[in-house]
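S.K.: got a structure for you, letters missing:
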DNA sequence: AAACCAATGCAATAAAGTTGCACCTAACTA
DNA sequence: TAGTTAGGTGCAACTTTATTGCATTGGTTT
């Protein structure tokens, strides 16, 4: 069985917006659909270049809003820019929802590796985890052929 | 037994420079000693503000050189700036040397968690790992009291 | 001592992220 | 329905971080 690279929601975008208590607006719809179509973690720059009729700051603020409402999570993959990916069903962006990401240093794509749950880690005394950023990097299956 | 937060080298700086085949220069000595004293992952900005008589670009290039020579590894902790930490003994910055990092969102310190080895992960077909960036974030033991 | 090469400092620039403000639109209220 | 309000959007400016070009320095080699 192939490992799962990206997860899908059983809900429609409209449902998600309702569940996450966020008004549906033109920019939000376009950004959401764009992320959903691509099924990868994307940078602002990348999104911006495709949705060129939208303003950068609008996309930026939309992504920020999505993060606040846990529709999207951010990944710092070392590429120099923050990547944004749609949260999976049930994702509350807390440590139990964590999964690994894979950054391809050749094509610069960032994948969510949903079949690689992050093993529970026991931290030193006094440390309290609230979030995590787990990025493996190397060569993806597309570039490795 | 307390978990280990940061590791130490059994070699002197001079030895390290020899082993890693790098000439000892004034800036390199100062930057190395600074990192060694602090035993944390530090940003360029932070280092720069303390070693104020050195030029930013000199520190920047020194850190880059250290990274190339595997004296230092970088961590992207989501703080907005790259952090640099001394490699541990035997570290070749390959996947088998990986360890978790902990970023405290309060004091913004980044620790190396050497006692938390990254479990080996089996990637989807075709993916080849060469590096990793593992950052847990939350509250550190200092700020949690 | 002259030549050479790498390291350093200064300054400029690029790239990424962020914010202030005015305008617009859609929802709410009287 | 008209007036009011709040949030969303676009434009432009700006901050912060990362990076590079170039001239100078300083140590090493011949």
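M.R.: Received the coordinates, thanks. None of the values given here were measured: they were computed from a predicted structure.

S.K.: Determine whether the claim that residue A:74 is in a strand is correct.
M.R.: Yes: the assignment for residue A:74 (DSSP: H, G, I helix; E, B strand; the rest coil) places it in a strand.

S.K.: That one pairs with what?
M.R.: Beta-bridge pairing for residue A:74 (DSSP bridges): residue A:84.

S.K.: what residues are up against it?
M.R.: Taking CB atoms under 8 Å, 6 or more residues apart in numbering or on different chains, we find residue A:74 in contact with A:67, A:82, A:83, A:84, A:85, B:78. C-beta: built from backbone N, CA, C; applies to glycine.

S.K.: any idea how far the residue sitting nearest the centre point of chain A is from residue B:70?
M.R.: Nearest to the mean C-alpha position of chain A, by CA atoms, centre = their mean, lies residue A:85 at 1.6 Å. Distance of residue A:85 to residue B:70, given as CB to CB, to the nearest Å: 31 Å.

S.K.: same question, residue A:62
M.R.: Taking CB to CB, one finds residue A:62 at 40 Å from residue B:70.

S.K.: who has more neighbours, these two?
M.R.: Remark: of residue A:62 and residue B:70, residue A:62 carries more neighbours, 23 against 15, as counted by other CB atoms under 10 Å in any protein chain shown.

S.K.: Assumed that one was part of a helix.
M.R.: Yes: Residue A:62: assigned to a helix according to three-state DSSP.

S.K.: mind listing what it touches?
M.R.: A:27, A:28, A:31.

S.K.: Tell me how many other residues crowd the closest residue to residue A:77 other than its chain neighbours.
M.R.: Nearest residue to residue A:77 in three dimensions, chain neighbours excluded: residue A:103, at 3.9 Å (CB to CB, 6 or more residues apart in numbering or on different chains). Look at residue A:103: counted by other CB under 10 Å, it has 24 neighbours.

S.K.: Can you tell me which residues in chain A are near chain B?
M.R.: Within chain A, the residues that sit near chain B (CB under 8 Å from any CB of the partner chain) are A:2-3, A:5, A:74, A:76-78, A:95, A:100, A:102, A:105, A:113, A:115-116, A:119, A:121-142, A:144-145.

S.K.: Could you give me the ChimeraX syntax to select whichever of those residues are buried?
M.R.: Restricted to buried positions by 16 or more other CB atoms under 10 Å in any protein chain shown, the ChimeraX selection for these reads:
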select /A:5,74,76,77,78,95,100,102,105,113,115,116,121,123,124,127,128,129,131,132,133,134,135,136,137,138,139,140,141
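
S.K.: can you give me the strands for chain A?
M.R.: A:42-43, A:72-75, A:83-86, A:99-104, A:110-117, A:128-139 (DSSP state E).

S.K.: What about DNA strand C: which of the contacts of residue A:62 touch it?
M.R.: Checking the contacts of residue A:62 against DNA strand C by CB under 7 Å from any atom of the strand, not one of them is in range.

S.K.: Could you identify which of the residues you listed has the most neighbours?
M.R.: Neighbour max across the contacts of residue A:62 (other CB under 10 Å) = residue A:31, 24 neighbours.

S.K.: Noted, bye for now.
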